[in-house]
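Undergrad: 3D, please:
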Amino acid sequence: MGLILEELAADGSVRVAQIAAKLGVSTASIRRDLQLLEKQRLLSRTHGGAVANSTAYELPLRYRGGRHREEKRRIAAAAAARVGDDVASVGLTGGTTTTEVARRLADRQGLTVVTNALNIAAELALRPDIKLIVTGGAARSESYELVGPLAEATLEGMNLDLAVVGVDGITVAGGLTTHHDIEAHTNRVLIGRARHVIVVADGSKVGRLAFARICDVSSVHELITDASAPAPELQRLADAGIVITAV
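TA: I've put the predicted structure just below:
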């Protein structure tokens, strides 16, 4: 539903067929989302789509479409494809790409999603076939994420089949990094509770070093990125044992 609201904020209207094609879901699913959003008075439905209401809808800067939007959608589609029948539980950190992953998992049946991202939780809370678990913690207005000891205490009691992690940087030497130290620690705990870890990062994040270290690359099984990622760093990551998927 977040994509619908983003498109409304940008263009003032959306078409059912267009949004369904972007997300790779049925038009019936999009119509259900529009119905729910209309009940919340965030839009008005029209024939074949919807128009924005006067109610302002603002996402934090980190979650607005911005650069690399199409790349992130391709990355998210590849990550969602990893959630097969053998995956019962998925952990999602915050971030634009993990939000796109959540949107592609919204219609899955019997899946448990654990997240510390409030915007992801808001999108999945009304999905009857998803079991949603949201951590506690202190909310960061910059990222919509719940972080700190309460979030980590929630995660410590769980065992996850898969974690999909967004980062601000990934290098062999520096590991996984982000801009905020407390966020880094919370993400490290989530990664430690997962049997399999996938990092989703557009090419601009590969070879980049941000302020706070999340963990070493030895904790990562796969990196899903795009063709713009620097080849030398991808090779170093592959040599370190990470499966590289460029979409």
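
Undergrad: what about the chain, any weak spots by pLDDT?
TA: Counting by pLDDT under 70, the chain contains low-confidence ranges at 10, 54-67.

Undergrad: Show me it divided up by domain.
TA: 2-52, 61-246 (automatic domain parsing).

Undergrad: Now render those as TSV, adding mean neighbour count.
TA: Just so you know, the C-beta spots here come from the backbone N, C-alpha and C atoms, and that holds for glycine as well. Below are the domains of the chain laid out as TSV (neighbours: other Cβ atoms under 10 Å):
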stretch	mean neighbour count
domain 2-52	16
domain 61-246	19
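
Undergrad: Could you look up the SS state of residue 76?
TA: helix (DSSP: H, G, I helix; E, B strand; the rest coil).

Undergrad: And for it, nearest residue in space, chain neighbours not counted?
TA: residue 100 (3.4 Å; Cβ to Cβ, 6 or more residues apart in numbering).

Undergrad: so who does that neighbour touch?
TA: Residue 100 makes contact with 3, 72, 73, 75, 76 under the criterion Cβ atoms under 8 Å, 6 or more residues apart in numbering.

Undergrad: Quick check: the farthest pair among those residues?
TA: The span of those, defined through Cβ to Cβ, is set by 3 and 75 at 14.8 Å.

Undergrad: Mind telling me which residue is nearest the centre of the chain?
TA: What sits nearest the mean C-alpha location of the chain, by Cα atoms, centre = their mean, is residue 98, with 1.2 Å.
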